[in-house]
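Trainee: need a structure here:
(chains A, B, C and D)
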Protein chains: 2
Amino acid sequence: MSLEPAVKRAPVMKDVAKLAGVSYQTVSRVLNGHPNVSASARERVEAAIAALGYRRNPVARSLVTRRSQTVGVLASELGQYGPSHTLLGLEQAARDAGYFVSIASLREVTTPAVQDILGRFADQAVDGIIVIGPHPGLLEALDAIEHSFPVVAATSDPDRPAGAGVDQRLGARLAVRHLVELGHTRIGHLSGPSDWYDAAERVEGWREAMAEAGLAAEVLIEGDWTARRGYEVGLEIAASRPATAMFVANDQMALGLLRGVQESGLAVPRDLSIVGYDDQPEAAYFFPPLTTVRQDFEALGRRCIEALLAAFDEDHAPARSVEPQLVVRSTTAAPPQVVAR
Amino acid sequence: MSLEPAVKRAPVMKDVAKLAGVSYQTVSRVLNGHPNVSASARERVEAAIAALGYRRNPVARSLVTRRSQTVGVLASELGQYGPSHTLLGLEQAARDAGYFVSIASLREVTTPAVQDILGRFADQAVDGIIVIGPHPGLLEALDAIEHSFPVVAATSDPDRPAGAGVDQRLGARLAVRHLVELGHTRIGHLSGPSDWYDAAERVEGWREAMAEAGLAAEVLIEGDWTARRGYEVGLEIAASRPATAMFVANDQMALGLLRGVQESGLAVPRDLSIVGYDDQPEAAYFFPPLTTVRQDFEALGRRCIEALLAAFDEDHAPARSVEPQLVVRSTTAAPPQVVAR
DNA sequence: CGGGCTCCTGTGAGCGTTCACACTGATCGC
DNA sequence: GCGATCAGTGTGAACGCTCACAGGAGCCCG
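Mentor: Numbers count the residues shown, from 1 in each chain, chains lettered A, B, ... in the order given. Sure thing, here's the model as predicted:
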C-alpha cells in the first residue's frame, strides 16, 4: 500500500475495472451506456467510479473515436456587440450539451487564413464548427475548402443549408411599420456593410415594408456599424433633410447619428425619428432613449448549438430563426408636418 | 496504386517515414527539433512531409505528453466590453504562439461551478488557464481547488503572483489630476462593484490622487457597471450636487450618469464635469463626447499570454502592466465657480 | 440432450504519437 | 589497435481509450 508511487496518478479505466472486479471493457460499456451490461456489474462499476473519483480521459477517447466533444467557433468580428453575445449564448449551450468550445477569430477574411484555422480545427478533431458574424466572403472561403465536419453559420441567409439566424427581415419590418404608423412617408435606412448577410437582410426588410406601405424606398445609405459613420451621416442628413425618419441598422450607428443630427441643431424626435437595431443595454440611456429592435443574441447562440446537434443526428429539430422585437422608447414621433405626397 | 482504400486517410508519421526512408522515430525527432539528426535525413523527412501534406496529430501527441497546446480561458463576464475585448487580444496572441483557446464562461461564481470547469479543463489537458474579469471570489474559488497547471489572472491585483493587468491606479490618477488641474476640488467617484479588483484599484487611485492634491475624498458611490445605475446616480447628483466633477469607473455608467444629470436640467460640463473609463469606441459620440481613460484591452490579452508563456518557462519576461491613457473630450471643464475651501 | 439463440463478458489489437532504451558505425585518445 | 565516447538511428513499450471479435453461460425448442 505504501509502496504506491508518491505522485498519485489519476485513476484510469483499469483501476476502476479492478476495483469493480470486471474487465476494463465492461467499464467502457457502462460509461458509453451500452445495453448489454448486467445490472449488478453496472452498479459495481458505478460505485467504483464514484469511489475513485474516476474521470474518463477525453484525449485518449478522441484519439480512437476521432471526435473530441469540441465545437470550433470561427468568428470574424468578436469585438462587436452581436458576435460577442452570440458567443456567450453559444458557449453556455455547448457546455450544457457536453461540448467544449474552441475559438478562433479572424483578423482578415482570406481563404488562406480560413484554411489555416480549419486545418487547426481539423487537427483538434472538432466535431463541428460554428461561424459567427459571417460575411459572404467568409462562407465562400469556407465552402471552397473541403472539410469533414458539419458547419453551422449564425446567419440569416435563407439560402444557407444549415444555420440559425435572427429573422432580420421581420426586424426591419417592425421598425419600418412603427414609423409608418406614426405617419412617416420618407423613411431612410442607414445600413450595415453590404457584404454582411444581416445587413443585406435588413435592407430587404426595409424595402419590403416600404413597398407594403406603398412608399418609395429611396434613401439608402451604407454604413459600417460604427458610431463614427453614424455621426457623419447625421451631419449629412441634418443638412439635406432627405427623410423624416431613419431606420439605422445598429445601435452604435444610431448613437452617432443622434449626435450628428443634434449637433446640427435638429431635435430628435421632433425633426427626425430614429429607430436603431440590437437593443444593447446602453440604448435605453442614449439621449433621448433609443427606439430600437431587440435581437436576442444569446438565444441565437443557443440555436446555433441546436442546429449543430441536429446536424450530428437526425433527432434534433432544426428550429432556425429567432424573432426580433420592437422596443419603443423616445426617438420616434410623428413627422414634423404630414407631407402629403 | 489503385488498390489503396477509397477513403484516403490522412498521412501519419509512418507514411512519412516510409517515404523518407527512415524510421518514424526520426520523423518525430525532426518534428520536435531534436539536435541529433543528420542534415540529409532532416531534408528527406521535410520533403516527405511537404509531399504528403502531413500534419502531426495533436490528439495523439497530447495523449502521451499530457499537454495539449491549449489554454483555457475562464471568463465571468464575457458580455462586458472589457472582458470581450481582452478575449480578443488573448486569442490572437495565443494563436500566434501556437496555442488553441478553449473558453468557458461562468454563469455564477461558486466553487462547484469553478471546480466543474477546472475539471473539464484538466480533462482536456490544457497547459494553463487564464482568468478574465476576476472577482476576488473567483480567484479564491480557484485557489481552493488544486490544479496542476499555471493560472494567470487578467487583473490588476498587485498581490497576485502571476498575472497581467492595466495599471488601474494610474488610470484613476490621470482622471483625477485632469479634474484637479481644471480647478475642481469636490471630485466624486462612481465606482464599479467593490468585489471587482479593477474597481477597487480605481477607488484607491482616486483616493491617492485626491490626497496628493490635498483634497478630501468624500463622495464615493458604488455602482454596478450598468448605464442604468449611472442614470440613477445622475438623478441623485443633480438633486444634491455633492460634487462638481465625477470620475466614473466605466463608460457605460458615465453614459447613464450623463443622461440622468442632463434630464434633471444640469448642463455637462458647465454644471458637472464627467470622466469615464475604458474609452469604448462609442464614448466619442456620447452627448457631449466623453472625456475618459483608455484601456487597451487587446494589449492586456496579449500580456496575459505572455505571462502564461513566462509561467511555462523562465525565458519569457513577465512584463505585467499596461498603461492607461487619458483622452480629453468635452465632458470636462472648469467648475461652475471656484470654491475656495 | 444437443443445436441454436441471446445475453453478458473478456481478450486482442489499434488509434498516432513520444519516451526510454539499445544499437550501429565513426572518431578519439593513448 | 583497443576501449571509450559520441552522433545518428531504430525498436519496444507506453499513453488511455474503443472497436472487433471470441467465448461462456443460460435458455428455448425440437
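Trainee: how about low-confidence regions in chain A?
Mentor: A:1-8, A:158-162, A:314-319, A:338-341 (pLDDT under 70).
Trainee: Map the structural domains onto the sequence of it.
Mentor: A:13-56, A:67-166+A:297-322, A:168-295 (automatic domain parsing).
Trainee: who in the stretch 1-150 of chain A is up against DNA strand D?
Mentor: With C-beta under 7 Å from any atom of the strand as the criterion, the stretch 1-150 of chain A meets DNA strand D at residues A:9-10, A:12-14, A:24-25, A:28, A:31-32, A:56-57, A:60-61, A:63-65. For glycine as for every other residue, the C-beta is placed from the backbone atoms N, C-alpha and C.
Trainee: now those: which count as buried?
Mentor: Among these, those buried by neighbour count (16 or more other C-beta atoms under 10 Å in any protein chain shown) are A:12, A:13, A:28, A:31, A:56, A:57, A:60, A:61, A:63.
Trainee: For the fourth one, give me its contacts.
Mentor: Meaning residue A:31. residue A:56 (C-beta atoms under 8 Å, 6 or more residues apart in numbering or on different chains).
Trainee: if we can go back for a sec, and which of the buried ones among the residues of the stretch 1-150 of chain A next to DNA strand D is nearest to DNA strand C?
Mentor: Of all these, residue A:63 has the smallest distance to DNA strand C: 4.3 Å, by C-beta to the nearest atom of the strand.
Trainee: Let me know whether that closest one touches residue B:58 as I believe.
Mentor: No. Using C-beta atoms under 8 Å, residue A:63 makes no contact with residue B:58, being 10.2 Å away.
Trainee: so where does residue A:171 fall, helix or strand?
Mentor: helix A:168-181 (DSSP states H and E).
Trainee: Could you identify the helix or strand that succeeds that helix?
Mentor: strand A:187-191.
Trainee: Parallel or antiparallel, which strands does that following strand pair with?
Mentor: strand A:220-222 (parallel), strand A:245-248 (parallel) (DSSP bridges).
Trainee: For DNA strand C, find the nearest of those.
Mentor: When the strands paired with strand A:187-191 are compared by C-beta to the nearest atom of the strand, strand A:220-222 sits nearest DNA strand C, at 47.5 Å.
Trainee: check contacts around the residue most central in space within chain A.
Mentor: By C-alpha atoms, centre = their mean, chain A has its centre lying nearest to residue A:86, at 3.6 Å. Neighbouring residues of residue A:86 by C-beta under 8 Å, 6+ apart: A:132, A:133, A:154, A:297, A:298, A:300, A:301, A:304.
Trainee: Need the max-distance pair from the residues you listed.
Mentor: Using C-beta to C-beta, those reach their maximum pairwise distance at A:133 and A:298, which is 14.9 Å.
Trainee: quick one, which of these two is more surrounded?
Mentor: residue A:133 (25 against 19; other C-beta atoms under 10 Å in any protein chain shown).
Trainee: For residue A:153, see how far away that one is.
Mentor: Per C-beta to C-beta, to the nearest Å, residue A:133 is found 10 Å from residue A:153.
Trainee: again, but for residue A:246
Mentor: With C-beta to C-beta as the criterion, residue A:246 and residue A:153 are 29 Å apart.
Trainee: Check residue A:165 too.
Mentor: 8 Å.
Trainee: before we move on, which element is the residue lying closest to residue A:173 once chain neighbours are set aside in?
Mentor: Distances taken as C-beta to C-beta, 6 or more residues apart in numbering or on different chains put residue A:209 closest to residue A:173, at 4.2 Å, once the chain neighbours are dropped. According to DSSP H and E, residue A:209 maps onto helix A:197-212.
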